[in-house]
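**Q** just to be clear, the model below is a prediction. Sequence and coordinates:
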Amino acid sequence: MYQFFVEPSQINIETKKVVITGDDVNHIGHVLRMKQGEEIAVSNGIDSKEYRCAINTISDTAVTCDLLFIKEDGLELPCEVTIFQGLPKADKMELIIQKNVELGVSRIVPVTMKRCVMKLEDKKIDSRVQRWNGISEAAAKQSKRRIIPEVTRPMSFKEAIKYASDMNVKLVPYEMSEGMGRTKALIEGIKKGDRIAVFIGPEGGFDESEIEAAKEAGFEIITLGKRILRTETAGFTVMSWIMYQMEADD
């Protein structure tokens, strides 16, 4: 079943009507060639509800649907995971966003770190963030997510540390760290409702001063194993472990 995202204001519970606008109108009418009566799933990108609808009318500017029922099926992780990603080279960020969204991330924060090779020009930041959020939305649709994880504007390392300060679990995978048993214990200690920060270094890794700053701020410095992982692989690894931990008993 096809899924589409709308603004909360486009779902009217009282009248049982849902209106879809924007690029999805052309996609529904001309690409998918959907017809009156066909069912689709709609999400507002904020809560975990699926609004199951039947298409009523299709015009050049809007698709009007009849709301059939509301479904809450627990597709989202029962914890909130924010990946703080050291800015990588070239198009790696797009892959990082896509796969982390598929794995259940709640938010992605690009972070400028000392060993980042990529330097974003101020005039290009807005367009880059817009593109990143478009990739997040497409990945959310593909994986049947109920929310669209936000990709924020880039932050400095200091700003990111402060942003994550009140989160319950704060993890920093670091290639110089040891003790897989401790990493396992920290992952297994994650509970429903926890807010989790995971800091991932860029291609060159974390600078030692950044690790010291993270320690002083109460972050847990962990290992991901005996092998050195690429920056894109490290985030996927942590997200996969958290997903398994939170959904293993479902």
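**A** Cool, the structure landed.
**Q** list phi and psi for residue 21.
**A** Residue 21 adopts backbone torsions of phi -130, psi -180, taken as degrees, to the nearest 10.
**Q** surely it touches residue 61?
**A** Yes. Checked against CB atoms under 8 Å, the pair residue 21 and residue 61 is within contact range at 6.6 Å. In short, each C-beta sits where N, CA and C put it, glycine included.
**Q** now the helices for the protein?
**A** Assigned by DSSP state H, the chain shows helices spanning 23-26, 92-103, 122-142, 157-163, 180-188, 208-216, 231-247.
**Q** show me the domain layout of the chain.
**A** Listed domain ranges for the chain are 3-72, 80-247 (source: automatic domain parsing).
**Q** tell me the most buried of the ones you listed?
**A** Comparing the domains of the chain by mean neighbour count (mean count of other CB atoms under 10 Å), domain 80-247 comes out on top with a mean of 17.
**Q** how far off centre is that one?
**A** Centroid displacement of domain 80-247 relative to its chain, using CA atoms, centre = their mean, to the nearest Å, is 10 Å.
**Q** equivalent analysis for stretch 76-95, please.
**A** With CA atoms, centre = their mean, you get 7 Å for stretch 76-95.
**Q** make a markdown table from the domains of the chain and add mean pLDDT to it.
**A** A markdown table is the format used below for the domains of the chain (pLDDT from 0 to 100):
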| stretch | mean pLDDT |
| --- | --- |
| domain 3-72 | 91 |
| domain 80-247 | 94 |
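**Q** correct me if wrong: residue 235 contacts residue 96.
**A** Yes. In this structure, residue 235 is within contact of residue 96 by CB under 8 Å, at 6.0 Å.
**Q** name the residues contacting each of the two.
**A** Residues within reach of residue 235 and of residue 96 at once, by CB atoms under 8 Å, 6 or more residues apart in numbering, are 83, 85.
**Q** and the end-to-end length of stretch 224-234?
**A** End-to-end distance for stretch 224-234, by CA to CA, to the nearest Å: 8 Å.
**Q** my read: residue 71 touches residue 49, true?
**A** Yes. Applying CB under 8 Å as the test, residue 71 and residue 49 come out as touching, 6.9 Å apart.
**Q** got JSON lines for the helices of the chain, with distance to residue 7 too?
**A** Below are the helices of the chain laid out as JSON lines (distance: least, CB to CB, whole Å):
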{"stretch": "helix 23-26", "distance to residue 7": "12"}
{"stretch": "helix 92-103", "distance to residue 7": "19"}
{"stretch": "helix 122-142", "distance to residue 7": "13"}
{"stretch": "helix 157-163", "distance to residue 7": "26"}
{"stretch": "helix 180-188", "distance to residue 7": "36"}
{"stretch": "helix 208-216", "distance to residue 7": "37"}
{"stretch": "helix 231-247", "distance to residue 7": "28"}
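**Q** nearest to residue 201, out of those helices?
**A** Across these, residue 201 has its closest neighbour in helix 231-247 (6.4 Å, CB to CB).
**Q** looking at the helices of the chain, spot the one closest to residue 225.
**A** Taking CB to CB, helix 180-188 is the member of those nearest to residue 225, at 6.4 Å.
**Q** give me the angle between the closest one and helix 231-247.
**A** Here the directions of helix 180-188 and helix 231-247 differ by 60 degrees (axes from the mean of the first three to the mean of the last three CA atoms, to 10 degrees).
**Q** can I get helix 180-188 in PDB? Just the C-alpha atoms.
**A** Below are the C-alpha coordinates for helix 180-188, written out as PDB (Å, rounded to 0.1, in the frame of the first residue of the first chain):
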ATOM      1  CA  MET A 180      32.900  -4.800  24.100                       C
ATOM      2  CA  GLY A 181      31.200  -6.200  27.300                       C
ATOM      3  CA  ARG A 182      30.700  -2.600  28.500                       C
ATOM      4  CA  THR A 183      29.300  -1.500  25.100                       C
ATOM      5  CA  LYS A 184      26.900  -4.500  25.300                       C
ATOM      6  CA  ALA A 185      25.800  -3.600  28.800                       C
ATOM      7  CA  LEU A 186      25.100   0.000  27.900                       C
ATOM      8  CA  ILE A 187      23.000  -0.900  24.800                       C
ATOM      9  CA  GLU A 188      21.100  -3.500  26.900                       C
END
